[in-house]
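Chemist: have a look at this prediction, sequence included:
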Amino acid sequence: MGRGLHRSGTLVLSALMAVIGVALIVEAIVGVRHGSVSLLLVIGVLFVAAGVGRLYAQHKRGSARE
């Protein structure tokens, strides 16, 4: 049960990171904060990359064990 809970938590938090990254990118493109558009864009891309990368690593780790 502990591994299943850990896997589920990892999937949820990784997906949440990717969603936050997309929200930051959209906010940068729309230009809600005019002064920090490039910073928001970079942070958003990094959040998406981290979330998707973690999801990919978890998927690969899970398929290697099966």
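Modeler: Perfect, I can see it now.

Chemist: please make it C-alpha for all contacts and neighbour counts, starting now.
Modeler: Noted.

Chemist: what sits against the closest residue to Gly44 other than its chain neighbours?
Modeler: Nearest residue to Gly44, sequence neighbours excluded (C-alpha to C-alpha, 6 or more residues apart in numbering): Gly21, at 4.0 Å. Under the criterion of C-alpha atoms under 8 Å, 6 or more residues apart in numbering, the neighbours of Gly21 are 43-48.

Chemist: which of those sits closest to Gly31?
Modeler: Closest approach to Gly31 among these (C-alpha to C-alpha): Gly44, at 13.5 Å.

Chemist: quick one: mean pLDDT over stretch 47-60.
Modeler: Per-residue pLDDT values across stretch 47-60 average out to 93.

Chemist: that stretch: which residues count as buried?
Modeler: For stretch 47-60, a neighbour-count test (16 or more other C-alpha atoms under 10 Å) marks 47-52, 54-55, 58 as buried.

Chemist: quick check: Tyr37 touching Ala28?
Modeler: If you look again at residue 37, you'll see it is Val, not Tyr. Yes - between Val37 and Ala28 there is a contact at 4.8 Å, judged by C-alpha atoms under 8 Å.

Chemist: alright, calling it a day.
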